[in-house]
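Asker: got a sequence here, can you build the structure:
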Amino acid sequence: MTAHQDTAPATTGRLRAAWRSAHTPVPGVPRWARIAAYAIPFTVLPSGLWRIMTVVFHIGDDATHGRGQLPSWLPGPVYIIALSVFSELLAFTAVGLIAAWGEVFPRWIPLLGGRRVPPLAAILPAALGATILTVLWTAAFATSLFGLTVRGDRLPSDFPTESMHGWQLAFFNSTYVPLLLWGPLLAAVCFAYWRRRCGRTAHAGVPRTAS
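Answerer: Next comes the predicted model:
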């Protein structure tokens with residue numbers, strides 16, 4: 001057996017352990033909160049895949065949408081892929097509200113590793129994020145129905161809902177509609193986190209360390 005064959009199972013085992021550590025809920029998390037937390041990344045995934053598809057398969061002209069005042073030297077494909085990856089990572093942080101790494105800092109974090117996460121350090125950003133996401137996506141969808149941007153301007157002619165038709169438009173809408181759930185689901189998971197850590201039924205058996 002070669003060294004490569006020896007290390008492959010060990011690497012796979014570490015990856016599985018890391019996956020379980022990142023996703024396994026702590027005791028006291030209600031089933032509905034687990035489902036909501038696990039669902040959040042999947043509300044963001046379809047739109048991210050759509051944006052990447054526009055870069056890879058050149059569907060529509062979505063690589064230019066949403067650039068705003070970004071510098072002209074930043075390539076559209078790089079921006080789209082980076083935005084998609086960042087959005088998915090941001091959505092995944094909701095899982096921390098049910099997992100051990102949302103209550104105890106992982107050991108690999110300098111200075112903080114092994115220390116308890118102050119409840120408000122997780123609750124305040126989550127609550128603020130849930131509010132912003134709910135308002136933002138609700139407003140975006142409501143205004144787009146009237147052909148307007150959130151700021152009240154007319155949508156540009158190359159915007160997907162204006163330039164696409166048929167299956168492309170239907171597919172585009174189906175990938176972005178789940179984003180309406182991101183904010184409400186995050187609010188629900190945040191409430192469960194607050195009730196568990198700050199409410200009368202706060203769980204007392206939180207692990208002291210996290211890998």
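Asker: how many neighbours does residue 99 have?
Answerer: 21 (other Cβ atoms under 10 Å). In short, each C-beta sits where N, CA and C put it, glycine included.
Asker: just the pLDDT for it.
Answerer: pLDDT recorded at residue 99 is 94.
Asker: and if you look at residue 64?
Answerer: For residue 64, the predicted pLDDT is 45.
Asker: ditto for residue 202
Answerer: We note a pLDDT of 53 for residue 202 in this prediction.
Asker: check residue 136 too.
Answerer: At residue 136, pLDDT is 93.
Asker: that one should be in a helix, yeah?
Answerer: Yes: when DSSP: H, G, I helix; E, B strand; the rest coil is applied, residue 136 is found to be in a helix.
Asker: can you pull the contacts of it?
Answerer: Contacts for residue 136 (Cβ atoms under 8 Å, 6 or more residues apart in numbering) come out as 150, 183.
Asker: how far away is it from residue 195?
Answerer: Distance of residue 136 to residue 195, given as Cβ to Cβ, to the nearest Å: 26 Å.
Asker: ok, residue 151 next?
Answerer: Distance from residue 151 to residue 195, by Cβ to Cβ: 37 Å.
Asker: same check, this time on residue 20
Answerer: Counting by Cβ to Cβ, the gap from residue 20 to residue 195 is 25 Å.
Asker: comparing those two, which residue is more hemmed in?
Answerer: Per other Cβ under 10 Å, whichever of residue 20 and residue 195 has more neighbours is residue 195, with 16 against 10.
Asker: for the host helix or strand of residue 123, list every residue counted as buried.
Answerer: Taking DSSP states H and E as the criterion, residue 123 maps to helix 119-144. Of the residues in helix 119-144, 119, 122, 123, 126, 127, 129, 130, 133, 134, 137, 143, 144 count as buried by neighbour count, 16 or more other Cβ atoms under 10 Å.
Asker: residues contacting the residue nearest in space to the middle of the chain?
Answerer: Closest to where the C-alpha atoms of the chain average out (Cα atoms, centre = their mean) is residue 91, at 1.2 Å. Shown in contact with residue 91 (Cβ under 8 Å, 6+ apart): 40, 41, 43, 44, 45, 182.
Asker: what about it, distance to residue 17?
Answerer: Residue 91 is 23 Å from residue 17, by Cβ to Cβ.
Asker: give me the mean pLDDT for stretch 112-128.
Answerer: Here the average pLDDT along stretch 112-128 is 94.
Asker: mind checking the end-to-end distance for that stretch?
Answerer: 23 Å (Cα to Cα, to the nearest Å).
Asker: for stretch 81-100, same thing?
Answerer: Note: stretch 81-100 ends 30 Å apart using Cα to Cα.
Asker: next one: it to chain centre, how far?
Answerer: Here stretch 81-100 is found 4 Å from its chain centre; the criterion is Cα atoms, centre = their mean, to the nearest Å.
Asker: quick one: the strands in this structure?
Answerer: Counting by DSSP state E, the chain has no strands to list.
Asker: done for today, thanks.
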